[in-house]
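**Student:** how would this look folded up:
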Amino acid sequence: MDALMLARIQFAANISFHILFPTITIALGWILLYFKIRFHKSGDQTWMMAYGFWVKVFALTFALGVVSGITMSFQFGTNWPGFMETVGNVAGPLLAYEVLTAFFLEATFLGIMLFGAQRVPPFVHTLATLLVAFGTTMSAFWIIVLNSWMHTPAGFEMIDGQAFVTSWHEVIFNPSMPYRLTHMLLASGLTACFLVAGLSAYRVLRGDKTGGVRKSMKVAVYGAALLIPAQIFVGDLHGLNTLEHQPQKIAAMEGVWDTQTHAPLLLFAVPNEATQENDFALAIPGLASLILTHEFDGEIRGINSFEHRPPVAPLFYGFRIMVGMGVLMLLVSWYSAYKLIRTQTLSKTNLVVLIGMTFSGWVATLSGWYVTEIGRQPWLVANVLSTEAAVGSASATSVGSSLALYLALYAFLLFAYVSTLFYLARQAAKPTADTFGLEQAASVLQRNASTGSAT
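**Tutor:** The predicted structure follows:
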């Protein structure tokens, strides 16, 4: 492979690894805030037990997100210098806003959130949790603004080969941003809910009978059951927006080669770019036109009608993986919620299924992300800057070597992260598990010593 393809693979690998962690922390911060509010309102210590476990998961996930984000940003200079040279007047400030309004906020109050429960007044600790959750959401906001602008650029003009902002309002609220942001926030909510539900189910199977784990699982299951229908609805709106602004992406996702009415919905097929046909197609006549245009005879432009078009197979398969995982999330969350409402407990089989779905949000998010980003090709910024024009001068050997190192490191870190999560869950499931951490244990020992009691 040449340097361009290797550079694309390297950026895809870096951003794929990075996005795993913000996808969890964006929503997990709000779940932690919910635990704190329920504790303050009820005085029930089991809510703090839930908080004590999941704040550790949040800290670990946040740390890996920061490290992988820094690594990813280096590539703008090493592999893609043409990006900042051409659109740096837009991208630079947006990335700076993310650091100033989000990252600093998270980093400042994360310490209070992790270590201040016994050192600051309760309302200050709750406020710190709120600000960290808000900071993660603001971080997502600015990154999605930039990414959406790359798909549907607006509010700028090109002067001597460089983009200059004419309206920051149009840049920020570009045509696809509201749909992408809502879609991403809901994806984060589902990812965090299934993570919480899966690890909680694992703890229950390990014999954890504490109230905190039961409350965590209920919050996660009910949350997922409510979020998945909203995600399906927003996904449909996002698809209609994409049809309007990036019809070539929709054509590839649906496997429509030639412009047609009554376009069928392909449940399965093997796109053949050589013959420009779909082999082994299993389709429902007219349903694609109905979904995308709300009319059975609605017209969908075919892939062959576009001068610049993305590769078909990755979008076609990626979209179906995302949708398939979404349907599975719907079935699992609704069935689990039904069982919890009726019996307050879940069977062993149900718990095993939830454990298997622990990282299902990652699968759906990555497949959807690939559809979004590959669907923009051959453009880095749609109709403004091609991917080929932005790549640097690094040799294929250099990029390939660093790619191999990245992949090895990311495989190790991902294995370590998942292993640590289940290690924490096993430790929490032990009868003597210290859910609150060493700090509270020391506080108890100190109080006992001052009263002269035996421990």
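**Student:** who does the host helix or strand of Thr365 touch, helix- and strand-wise?
**Tutor:** When elements are assigned from DSSP states H and E, Thr365 belongs to helix 360-374. Secondary-structure packing of helix 360-374 (3 or more C-beta pairs under 8 Å, 6 or more residues apart in numbering; DSSP states H and E): helix 3-42, helix 177-205, helix 312-343. (Glycine included, C-beta is placed from N, CA and C.)
**Student:** among these, which is nearest Gly135?
**Tutor:** Closest of the helices and strands packed on helix 360-374 to Gly135 is helix 3-42, at 7.9 Å (criterion: C-beta to C-beta).
**Student:** avg pLDDT for the helix or strand following the closest one?
**Tutor:** With elements assigned by DSSP H and E, the helix or strand that comes after helix 3-42 is helix 45-78. Averaging pLDDT along helix 45-78 gives 85.
**Student:** ok, now stretch 256-272?
**Tutor:** 86.
**Student:** ok, stretch 413-429 next?
**Tutor:** 90.
**Student:** what residues sit buried inside that stretch?
**Tutor:** By neighbour count on 16 or more other C-beta atoms under 10 Å, the buried set for stretch 413-429 is Leu421, Phe422, Leu424, Ala425, Gln427, Ala428, Ala429.
**Student:** which SSE is the fourth one in?
**Tutor:** Spelled out, that is Ala425. Element membership for Ala425, per DSSP H and E: helix 396-429.
**Student:** compute the inter-axis angle for that helix and helix 3-42.
**Tutor:** Using axes from the mean of the first three to the mean of the last three C-alpha atoms, to 10 degrees, the direction of helix 396-429 lies 20 degrees away from that of helix 3-42.
**Student:** now for helix 396-429, which elements pack on it?
**Tutor:** The contact analysis (3+ C-beta pairs under 8 Å, 6+ apart) places helix 396-429 against helix 3-42, helix 45-78, helix 177-205.
**Student:** so which of these is nearest His125?
**Tutor:** His125 sits nearest to helix 3-42 of all the helices and strands packed on helix 396-429, at 7.5 Å, using C-beta to C-beta.
**Student:** and stretch 376-389, how far out from the chain middle?
**Tutor:** With C-alpha atoms, centre = their mean, to the nearest Å as the basis, the distance from the averaged C-alpha position of stretch 376-389 to the chain average is 24 Å.
**Student:** and the contacts of it?
**Tutor:** Stretch 376-389 is contacted by residues 4, 8, 80, 82-83, 86-87, 149-153, 158, 163, 246, 249, 308, 310-311, 390 when judged by C-beta atoms under 8 Å, 6 or more residues apart in numbering.
**Student:** of these, buried ones?
**Tutor:** The neighbour count (16+ other C-beta under 10 Å) marks 4, 8, 80, 82-83, 86-87, 149-153, 163, 246, 249, 310, 390 as buried among those.
**Student:** about what we covered before: and the helices and strands packed on helix 396-429, which is most packed in?
**Tutor:** Per residue and on average, the most neighbours among these fall to helix 177-205, with a mean of 24 (mean count of other C-beta atoms under 10 Å).
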